[in-house]
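Asker: kindly return the folded structure for what I paste below:
(chains A and B)
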Amino acid sequence: MPGSIKDRVAIVGMGCTRFGERWDVSAADMIVEAVYQAYEDAGIETKDIQAAWLGTATGMTGMVLSEPLRLQYIPVTRVENACATASDAFRNACYAVAAGIYDMVLAVGVDKFKDSGISGLGDGGAPGPSHAMEAESTPPRQFAMLATTYFSKYGLSFEEGKHMIGRVSWKSHQNGMRNKNAHFQKDVSMDTILNAPMVAWPLGLFDCCGVSDGAAAAIITTPEIAQSMRKDPVYVKALQISMAPRDGNFNTNYDFLHVEATVRAAEAAYKEAGIKNPREEISMAEVHDCFSITEAVTMEDLRFSPRGKVRDDIENGFFDLDGGLPVQLDGGLKCFGHPIGASGLRMLYEMYLQLQGRADELLNPGFPSRQLANPKLGLTHNLGGSPDGCAIFVGIVGLPGV
Amino acid sequence: MTLPEKPLPGINADTKFFWEGCKSQTLTFQKCEQCGYVRWPPSFICPECHSKRTELIKSSGKGKVYSFIVYHRAFHPAFERELPYVVAIVELAEGPHLLTNIIECRPSDIKCDMPVEVVFEKRSEEVNLPLFRPSFPK
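Answerer: The predicted structure follows:
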């Protein structure tokens, strides 16, 4: 019988850079910034780290991490798993501690895209069979098809559907404008969102997340050591990856209404964490909102909303900061952009701060609090690839005894 | 200024039969002789039952729009002159889902489930590209 990660490892320190157009720093600078924040938070030094996992979509080998940190010949593994990269680096670091091989490890995610010479992420160049007409297959196309199909199958008019996904982005901007680390910190109105230029109809400019630079880091140890280090460590409850066979684009069975790998990863995570009713039991979530429709469909795939009914929850503010299940409390990919190798740990950082009651350490002066009253369990989700074929991570962290 | 050429599909041993069929204005698909699954894109074994026994069938070229979107930003500069254009998944009567363009129709007139039929656009000596248009007169 396979084991469970629940309460077998804990996070004792985290750090995260400001995300955005970081022309003034290198990826190495951002690694140092995030990791030294995490060191300070945990009260440790470089010499205490026994092994490290580095998530990056662009850098090669663990030396991307060992060089800037001057790690002295300890094991470092470079992890790449598309948008789940940072979360998978964290997952592997947790497993090494749970296995009893190490008791103080580091997981880091970093990417720097703004000076890469391309706008957006290109076509991904995914490995595998060469299909016939790939030249027209961009991420906005792949995800916009979810929207067209969702509107059609559930009987939403264009105006109703467009307002629903616009409301997703509006909510994230309401949260992101309160966050000092966010790339986009402006208050964006529904009018601006709904009237923005189309990119891939029905997705307009504000239905798409940005591209940015950033890094984030976590320090993981055993629960016993964690309790000796601080009063409020955050415990890992579930870590799940699901990899789709990448045939859905052409498979007649694929409905363009859901993401099967998210469903699989979420159900495995709920089982691992002992969660029966995620809508009631999960306090908050950071999910992969590469596009507004992605977040909407993910709410159903995670069982936060009944199938086909997410519009009611979105329009009623269920996922707002003061709603029943706040989502994208830090602003999400919508406000942070998406340095692929860093996003998963950036999401985890918000869950970590919220669980410790420290979210307002990042509050923009003069804005109302982002801190939830009594969060117990936080969920993070990454979708790497396209709806019909992707690498999915679902993780859950929380307080002890939950 | 010369406009860039539109990119052409790569033809390999697996896909050759499909493009040969297109040259004679026919959509050809592989059908599994064991389980009957009609598949796309071409593959050596059946993705459903893993059998290698395969026959080729001719498609009627009729289908319906399963999903579609409208490009307002071209991915490749060769397509810029056609903006806004429609990229769609067409569900053929025989089953396969084909990623393609809908032409001869205003983007705002397209709906999911609307009937379409194949029309071939000659792009080179080797490539007749299968596109789709509404299969009823306006």
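
Asker: state the distance from residue A:198 to residue A:380.
Answerer: 30 Å (Cβ to Cβ, to the nearest Å). In this view, the C-beta of every residue, glycine as well, is placed from N, C-alpha and C.

Asker: name the residue in these two with the higher neighbour count.
Answerer: Taking neighbours as other Cβ atoms under 10 Å in any protein chain shown, residue A:198 and residue A:380 compare with residue A:380 leading, 29 against 18.

Asker: and that one, helix, strand or coil?
Answerer: Put simply, residue A:380 is strand when judged by DSSP: H, G, I helix; E, B strand; the rest coil.

Asker: please name the nearest non-neighbouring residue to it.
Answerer: Nearest non-adjacent residue to residue A:380, counting by Cβ to Cβ, 6 or more residues apart in numbering or on different chains: residue A:347, 4.2 Å away.

Asker: now the helix or strand that contains the one you found: how far from the chain's centre is it?
Answerer: Following DSSP states H and E, one finds residue A:347 within helix A:343-356. Here helix A:343-356 is found 9 Å from its chain centre; the criterion is Cα atoms, centre = their mean, to the nearest Å.

Asker: report the rounded mean pLDDT for the strand or helix carrying residue A:226.
Answerer: Secondary structure assignment for residue A:226, by DSSP H and E: helix A:223-229. Averaged across helix A:223-229, pLDDT comes to 98.

Asker: can I get the next helix-or-strand element following that helix as CSV, trimmed to CA atoms?
Answerer: Using DSSP H and E, the helix or strand that follows helix A:223-229 in sequence is strand A:234-243. Written as CSV, here are the backbone C-alpha positions of strand A:234-243 (Å, rounded to 0.1, in the frame of the first residue of the first chain):
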residue,chain,number,x,y,z
VAL,A,234,3.2,24.7,8.0
TYR,A,235,2.6,21.0,7.4
VAL,A,236,2.4,19.3,4.1
LYS,A,237,-0.9,17.3,3.7
ALA,A,238,-0.8,16.2,0.1
LEU,A,239,1.4,16.3,-3.0
GLN,A,240,0.1,14.9,-6.3
ILE,A,241,1.1,15.0,-9.9
SER,A,242,-1.0,13.7,-12.8
MET,A,243,0.4,13.5,-16.3
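
Asker: for the very next helix or strand once past strand A:234-243, packing partners?
Answerer: Toward the C-terminal end, the helix or strand that comes next after strand A:234-243 (DSSP H and E) is helix A:260-273. In terms of contacts (3 or more Cβ pairs under 8 Å, 6 or more residues apart in numbering or on different chains; DSSP states H and E), helix A:260-273 is packed against strand A:234-243, helix A:292-301, strand A:377-386, strand A:389-398.

Asker: contacts for the next helix-or-strand element following helix A:260-273, please.
Answerer: Next helix or strand after helix A:260-273 toward the C-terminus (DSSP H and E): helix A:278-281. With contact meaning Cβ atoms under 8 Å, 6 or more residues apart in numbering or on different chains, helix A:278-281 is reached by A:266, A:270, A:275, A:302-305, A:324-325, A:377, A:379.

Asker: reformat the helices and strands packed on helix A:260-273 as JSON lines; add mean pLDDT.
Answerer: Formatted as JSON lines, the helices and strands packed on helix A:260-273 follow (pLDDT from 0 to 100):
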{"stretch": "strand A:234-243", "mean pLDDT": "98"}
{"stretch": "helix A:292-301", "mean pLDDT": "98"}
{"stretch": "strand A:377-386", "mean pLDDT": "96"}
{"stretch": "strand A:389-398", "mean pLDDT": "96"}
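
Asker: ok so, going back, closest one to chain B out of the contacts of helix A:278-281, please.
Answerer: Proximity to chain B was ranked across the contacts of helix A:278-281 by Cβ to the nearest Cβ; first place goes to residue A:305, at 21.2 Å.

Asker: quick one, phi/psi of the closest one?
Answerer: Per-residue torsions, residue A:305: phi -130, psi 150 (degrees, to the nearest 10).

Asker: how close does it sit to residue A:279?
Answerer: 7 Å.

Asker: give me the more crowded residue out of those two.
Answerer: residue A:305 (22 against 15).

Asker: surely that one touches residue A:316?
Answerer: No. Using Cβ atoms under 8 Å as the test, residue A:305 is too far from residue A:316 to be in contact (10.5 Å).

Asker: returning to that earlier point: list the buried residues of the helix holding residue A:226.
Answerer: Using 16 or more other Cβ atoms under 10 Å in any protein chain shown as the burial criterion, the residues of helix A:223-229 that qualify are A:223, A:226, A:229.

Asker: out of those residues, who's nearest chain B?
Answerer: For the buried residues of helix A:223-229, the nearest to chain B is residue A:223 (44.2 Å; Cβ to the nearest Cβ).

Asker: how about the closest one: what's its closest non-neighbour residue?
Answerer: residue A:10 (5.0 Å).

Asker: go on, residue A:295?
Answerer: residue A:289 (3.9 Å).

Asker: my read is that the one you found contacts residue A:209, right?
Answerer: Yes. Residue A:289 is within contact range of residue A:209, at 6.2 Å (criterion: Cβ under 8 Å).

Asker: before we move on, the earlier item: got any residues that touch both of residue A:305 and residue A:279?
Answerer: Counting by Cβ under 8 Å, 6+ apart, nothing touches both residue A:305 and residue A:279.

Asker: so which of residue A:289 and residue A:209 has more stuff around it?
Answerer: residue A:289 (29 against 26).
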